[in-house]
Each structure stands twice: as C-alpha cells, then as structure tokens.
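Student: One predicted model, sequence on top.
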Amino acid sequence: MTPKINKSNDIINLIDRRLKKSEEGAIIPFNEFLMRAREDPLIYFRNVFQLFSSMIYHYIDIEDEYKDDPESINYKTVSCERLLVKDTDTPFFADLPLANRLLRLADSFREGTQQNKIYVFIGPPGSGKSTFLNNLLRRFEEFTHTREGINYEVLWRLDNAKIASASVDLAVQEALHDYYHTNGPLNSDILEVPCPSHDHPILIIPKEYRGEILEKLIKDNTRLKIFHKKEYEWLFTENACTICTSLYEALLDKLNSPADIFEMIFAKRYSYNRRLGYGISVFNTADKEPEQFSFTNPELQKHLSARFRNSDLIHYVYSRFARTNNGLFAIMDVKGENEKRFLNLHGIISEGVHKIDDIEENVNSLFIAVMNPEDKQKIASPDSFKDRIIEINVNYILNYSEEVKIYYHSFGTQIKKYFLPGVIDNFAKIIISSRLNIDSPAIKEWIEEPHKYDEYCDENLLLLKLTIYSNKIPDWLSDEDRKKFTRGVRRKIIRESDREWKSGFSGRESLYIFNEFYNSIPKKNTGLNGSSDVLQITMEDIRSFFKKHEQYKERIPKGFIDSIIRLYNYNIMQEVKESLFHQNEERISRDIQNYLFASNYDVGEKLISPYTKETVEVTEQFFMLMEQYLMPHNASARAKKKFREDVATKFGVNLQQMQEDNDICKTEIYKELYDSYINNLREHIFQPFLQYTAFENAIKEFGTLKFEVYDNRTKEEVTFLIKNLTEKFKYSKEGAKHVCLYIIRNKIAENFTI
Ligand SMILES: [Zn+2]
C-alpha cells in the first residue's frame, strides 16, 4: 500500500527517493578500485574502444543456424532489435549485411588494432544513417549507466590538511580564506579536481611501475590475456594527462610519499552524457567552430596555485578534445562546418596528440562520422588521411525481413492479417531487387547453369542472392551447387553486398510505394459464417499493381516479378504437398486395412470391418480407388484380378500366423501395401488438384452447408488440407481456400507433377 502523504516535506522526500540516481559505486577510493579490478579485470580495464565493443555485443542477439557448416564464414543471423529499435524515437532497422559489418567493427575494437582511425559510415540519402548513429550513441550512453557498462575516470580529492601539514604556509591559508569567502564553505578540507581528459584511474600509476603492479594485482586466469593481447596494450603504454601528471609530481615533491598521494586519488564513475558533451560530442553541419579553443577554470586554478604556492606548477587548461578523450567524437554528415572539422582531425588522429598552448594533450577517442557517398571526394586528400579512414557502408536494406519490419512499424502490425502468408515478404523482395546489381560475378562463378533454376529463380539469380544475404540456403539448390558453395564463394557474395546501393528505391520511396499499394486494395470482411476473415492481398494483386505503375516497374529488374511468382507457386505447392501428405497417413492406414479385409469377399457385399469398425461396401469402384496407388496405371484387368487374388491369399496366410493382438498393421502384406501406396502417393500427390472437379467445388463450398453433400472421402481430404494449411502454415481459413483455388485455376499443379 502507498503510504498517505500529508506533508509537503513528505512529497519532496518521495520525489527525492524516486529521482535519485543510484550513487552506489559512483566515487570510490583508488585502493578499492584496484580491488574491484582485481576481481573483474576484463570489466574494469576497458578503454572506450573495448567499452563500445562490449556495448554492441551486449545489445545484439546472435543465432547462427549454420554454425556447424564447415564452410561457414562467420556471417551471422544477428538481431539488432535491442540495439537500434527498442525504445528509440525513430527506430533503425539494420539488415544482416550491416549487422555483420557492425560485428566485425566490434571485433576489430577488441583486437586493439584499430585506434588512430576515423570510422566513417557512408550511406545514400534515405538510408537512415543519421538515425543509425543517433540510436547507436544513445544506446552507448545507456549502456554506460548499467552494471555491465561500468567505467571509471580519475578524480582528485586534495586533502588540505595533508598538504598544509607538509608545508605550513600562511599564504596558502590566506588564499584559502579568500577562496571560501567568495565561494562559500563547500568543503574547506577537500578540494575536488576532476581530470578533464577522463583518464582511466590505472594511468595514474607511473608507466614504469605499472607492469609490475598489474602483475601482482591480476590473477592467473586473466593475466595471460591482459599481458599478451593487443587490446590491453594501452594499460602499459598510455600516459595520464598533463594535469594529472603535474598534480602527481607536485604532490610527490611536497609529500614525498606516494601512498599519501594515492589516498587522495579516487575513481569516479565515468557517466557519458551527450547533452552535456561529457565523453560524447556530436557535431552537426551548422555548428560553428568555437572561438575559444581552450578551457580553464579560473577559480580552481587560483586555488591550485595557492595550494602549491606556484602558479606555474599546475595549468588547469584543456581543449574540447579532452572532453571526449576516452570517449566519442562524432561528426554528423561531412557538410558545411563539418567539412573543415573533419579535415582538421587529420593531424590529431595521425599523431594521437593535440597541442594546446605549449601543452600536449593525449587524444584517444573513438572518432565517428557519417556521410553521403557523393561527399567522399571531399575527404580524398590528403592521401595520407585515406589510410586513417575506415569506411562502413550503410546501404538500403537488402534483407526482406527487415524491410517488412519497416512496413509494420509504419502501418502497424495489424496489416499482417490483410496479406496471404508470404505475400508481404514478396513485396519487400521486389522493392529490394531494384537495389541489387544485376550482374554478380560471384554468383556467375558459382552457378554454371543458371537456367536449371528457372522454375524457382530469375535469370540473374537475384532471388538466390537475396536468400543468401538473409543467411539462408534455399532448399531447391542442387546438391552439386550446394557442395560448391564454399567459403570463398560465400565471402565474395557477401562482399558484393557492400556495393549494392547505387540505384534502387530508397527507404522513403519504398514506404511511399507500399502505402500506395496497400491503400489501392479495398479491405473487406468475407462475411462467411460470421467469421472475422478478411479478403487477403494476393500475389495477383502485386502483379497487377506493378503492371499499372510503369514508373516503378521500370526500376525493377526485367522478369523479376514473374520469377518471384514462380517461386511463390513453388513454395505454396510445397505447403500443399505437406498438408496433403499428413492428412493422408491415418486415412491410408484405414483404407489399406479395409482393402485387405474386403479382399476375401465378393463384390456387392456390405460389411463392418472388425479392424477399423468402418462399414465397407465392396464394389469395383472401391477396389479401383485403392489400386490406382498400388499398381501401375496401365495395368490390365487380368493383372488387377491376379493382384487382388494374390493379396487375398497372402492376407489369409498372414492371418493364420498373426499374434493374439489381432493387429493386421503388423502383417507383412499390410506393410508391403502401405509402402507401395505411400511411394505412389508421393509421386501422385497432386492428383486431387488435377482431375477432380468435385474437389474444386468442395473447396469452394468448404465452411458452408453445401459442403455436406460431398462424399466422405472428399470431405475428409478437403477438411484435412485446410486444417493443415491453417495450422502449419498460418493461413486463415479463407486464405487456405483461396490458395487452393488459385492453384486449380492457374493449373499450377500441372507443372509440379513430373
Ligand atoms: Zn588526467
């Protein structure tokens, strides 16, 4: 129960409790920092690159369905939902090629070989690259406020008593008196001096002793990693900033006891904050370069000079590069003011230092920029800068499942029910086909005879490529080509994804076209049996939409829409095949049992089978219906008679040998007939779709009263087919009926029977 609030003070207290940021571990003594780092060195010893890499791995979900494939190239099925979509103002949907590029980037940060570089995300207008960077930075900031994203920086807390006792000086006391007179008695004993460069606390230990200390500190299990992996090299090579170094030196002169100095050093949680420019700075194209290049803190400076009785000893001066040291420096679009800003980075990135007055500042930042491909020539010179630039392409989406997510995001997931299964995916594939290069040297090298896939694929095999970009291997690929799908081939194909952006519909255009298409189709309820089924959008609707819109069609590779319809037909035939087959197993078993039972009786008799408890009318029609699946089609009447007699004889013999349980499914003759039936059925699975008008009518009337007039066998067949299509393949009842009638009307089954 919420306590009753009756005093204004209580309200303030409540607000205070609710809004207070967790202060736990916000500032800890240096010694405690070392102890924590000892327990968890891989978390506590991270620079901005390692932290960024951890962030990416923290927010992505990887599933690798082909991980046991010996030819795997580490191209993974990665979901960036939590990284770039969840709780963002504008979500960014990353396709698999981009997600894999991000993973490689995260890995290179971990390897520690990629510092002194600028990372440039290049993408055409409408690719959403700014949204991508904004969401990425937002997630980084969020991460650094979690337990997993913990990171520390140096904070000095100069203890006046200690310094004063080391050198009692009236001048200091007077300066302090003046200082507190103007600034109020904040804490007259302690002076906090933040490190403007956000130095990692370990850097305070002079470089020459760090190795020895770390060796003592770090336990055996991680020592090897930290001492020998390039990513941790910075622990041994980097220096603290000039302010921290001079403070340390000055204190050492005064106190002559490092232990006393370290008592004044604290580790403060490094709270990255983009809005405050704390550890993250983002520059927009209109942001003017500040007139002021260096920052100081006159009050703090005055105080430091007074404490150390020397105004030259510690210069509390730093540049804006210090603010993003061990942090992120991002340039949003290399245009306007950002063009100059980008080029100015050259010297800093190459040298890793920045000069301010006479002081050299370390600059170890993660430099990021986004730009349009046409702006690339602006950064082409000087040549030496090119070596420092790592390009990462942010193209239009090449992965249909992500493209569909965008439609759902913009129109709501309820639109799903207006599409037959697979149809919205195909719309997305058509849009994406416009973005692909028609010529693919990698695919040409791999598939020698593309025409053998005419039934499932377009002539340029773009549908094959799209499937591979989605990290799937199509099931219609021949064994021979599957074998030739080696690591080298895969790598070449995936590399082509880097360049697939030159033309094609942008993200914005795609949404526009989808909107036009979706709204062109009237939405109505089928009204059948009071069901909530709606008329669903079909592949025919897609075909006729693009037929009507020549301006879109001409940007889609020639023949692609026809091919995607062929592939769609192939897929629905697979679904129907599976649905027909499963419905049959139980029925087939009973039919064969009835057939065996009837084989000992004469035509014209009507009996109840003791095995199935079904009524069996022994007619010529009854025998023939079964025998079409048990014997060759052209078998003569004599052969059929002989076959029936043989079955009767064998069944008689088997019956005598039968065990007590009376289960004829265990007899040899049953097994023989069953296998033969199943094999034949497999070959003739689409029979009902070919020559069975009653079947077509029954489908049409399924769900109405008229359906009841059909014979049991047809009713059972249709009911199971529709049931399987709805349960296994997520069709609505109306959708399942529609697909079956579509197959019959377009004579699709005819192409799949051979
Ligand atoms: Zn510092």
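Tutor: Arrived safely, thanks for sending.

Student: from here on, contacts and neighbour counts on C-alpha atoms
Tutor: Will do.

Student: Tell me who's in contact with the residue nearest to the spatial centre of the chain.
Tutor: Ranked by distance to the mean C-alpha position of the chain (Cα atoms, centre = their mean), the top residue is residue 79 at 1.9 Å. Residues near residue 79 by Cα atoms under 8 Å, 6 or more residues apart in numbering: 60-62, 99.

Student: Now do the helices in the stretch 151-300 of the chain.
Tutor: Under the criterion DSSP state H, counting those that start in this stretch, the stretch 151-300 of the chain contains helices at 160-166, 170-183, 207-217, 220-228, 234-237, 242-255, 258-262, 298-308.

Student: In CSV, list the C-alpha atoms belonging to the last one.
Tutor: C-alpha atoms of helix 298-308 as CSV (Å, rounded to 0.1, in the frame of the first residue of the first chain):
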residue,chain,number,x,y,z
PRO,A,298,39.9,30.3,-13.0
GLU,A,299,38.7,29.6,-9.5
LEU,A,300,40.1,26.1,-9.4
GLN,A,301,43.3,27.4,-11.0
LYS,A,302,43.6,30.1,-8.3
HIS,A,303,43.1,27.6,-5.6
LEU,A,304,45.6,25.1,-7.1
SER,A,305,48.2,27.9,-7.5
ALA,A,306,47.6,28.9,-3.9
ARG,A,307,47.9,25.4,-2.5
PHE,A,308,51.1,24.7,-4.3
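
Student: residues in the stretch 151-300 of the chain within reach of the ion, list them.
Tutor: With the criterion set to Cα under 5 Å from the ion, the stretch 151-300 of the chain comes near the ion through 195, 199, 241, 244.

Student: I'd like to know which of those are buried.
Tutor: 195, 199, 241, 244 (16 or more other Cα atoms under 10 Å).

Student: Would you quantify the distance from the residue of the stretch 601-750 of the chain found nearest the ion to residue 550?
Tutor: Nearest residue of the stretch 601-750 of the chain to the ion, counting by Cα to the ion: residue 730, 60.8 Å away. The gap separating residue 730 from residue 550 is 33 Å, by Cα to Cα, to the nearest Å.

Student: ok, these two, which is more surrounded?
Tutor: residue 730 (14 against 11; other Cα atoms under 10 Å).

Student: how close does that one get to residue 723?
Tutor: 10 Å.

Student: now do residue 461
Tutor: 34 Å.

Student: more neighbours, the two?
Tutor: Just comparing residue 461 and residue 723: by other Cα under 10 Å the higher neighbour count belongs to residue 461, 22 against 19.

Student: quick one, longest helix in this protein?
Tutor: Of all the segments of type helix in the chain, defined by DSSP state H, the longest one is helix 560-598.

Student: And that one, how far out from the chain middle?
Tutor: Chain-centre distance of helix 560-598: 35 Å, with Cα atoms, centre = their mean, to the nearest Å.

Student: avg pLDDT for it?
Tutor: Averaging pLDDT along helix 560-598 gives 86.

Student: Equivalent analysis for stretch 61-70, please.
Tutor: For stretch 61-70, the per-residue pLDDT averages 79.

Student: repeat for stretch 678-687
Tutor: 78.

Student: What residues sit buried inside that stretch?
Tutor: Quick answer for stretch 678-687 (16+ other Cα under 10 Å): 678, 680-681, 684-686.

Student: Could you restrict the residues you listed to the ones contacting the ion?
Tutor: Applying Cα under 5 Å from the ion to these, none is adjacent to the ion.

Student: which pair in those spans the largest distance?
Tutor: 678 and 686 (13.3 Å; Cα to Cα).

Student: so what's residue 197 up against?
Tutor: Neighbours of residue 197 in contact, by Cα under 8 Å, 6+ apart: 241, 318, 322-326.

Student: any idea of the pLDDT on the spatially closest residue to residue 559 that is not a sequence neighbour?
Tutor: Nearest non-adjacent residue to residue 559, counting by Cα to Cα, 6 or more residues apart in numbering: residue 458, 6.9 Å away. Reported pLDDT at residue 458 in the predicted model: 91.

Student: Does residue 458 touch residue 560 like I think?
Tutor: Yes - if you go by Cα atoms under 8 Å, residue 458 and residue 560 touch, sitting 5.8 Å apart.

Student: which neighbours do those two share?
Tutor: Among the neighbours of residue 458, none is also in contact with residue 560 (Cα under 8 Å, 6+ apart).

Student: tally of neighbours for residue 95?
Tutor: When neighbours are defined as other Cα under 10 Å, residue 95 has 24 of them.

Student: Residue 348 now?
Tutor: Residue 348: 18 neighbours (other Cα under 10 Å).

Student: Can you give the contact residues for the longest strand seen in the chain?
Tutor: Ranked by residue count under DSSP state E, the longest strand found in the chain is strand 152-159. Residues external to strand 152-159 that are found in contact with it (Cα under 8 Å, 6+ apart): 44, 189-195, 198-201, 204, 264-270.

Student: got a list of what the residue nearest to residue 91 when sequence neighbours are not counted touches?
Tutor: Leaving aside its sequence neighbours, residue 91 sits nearest to residue 85 (Cα to Cα, 6+ apart; 4.3 Å). Taking Cα under 8 Å, 6+ apart, we find residue 85 in contact with 91-93, 135.

Student: Closest one of these to the ion?
Tutor: Comparing those against the ion with Cα to the ion places residue 135 closest, at 29.5 Å.

Student: for the record, mean pLDDT for the helix or strand hosting the closest one?
Tutor: Secondary structure assignment for residue 135, by DSSP states H and E: helix 129-143. Taken as a whole, helix 129-143 has a mean pLDDT of 95.
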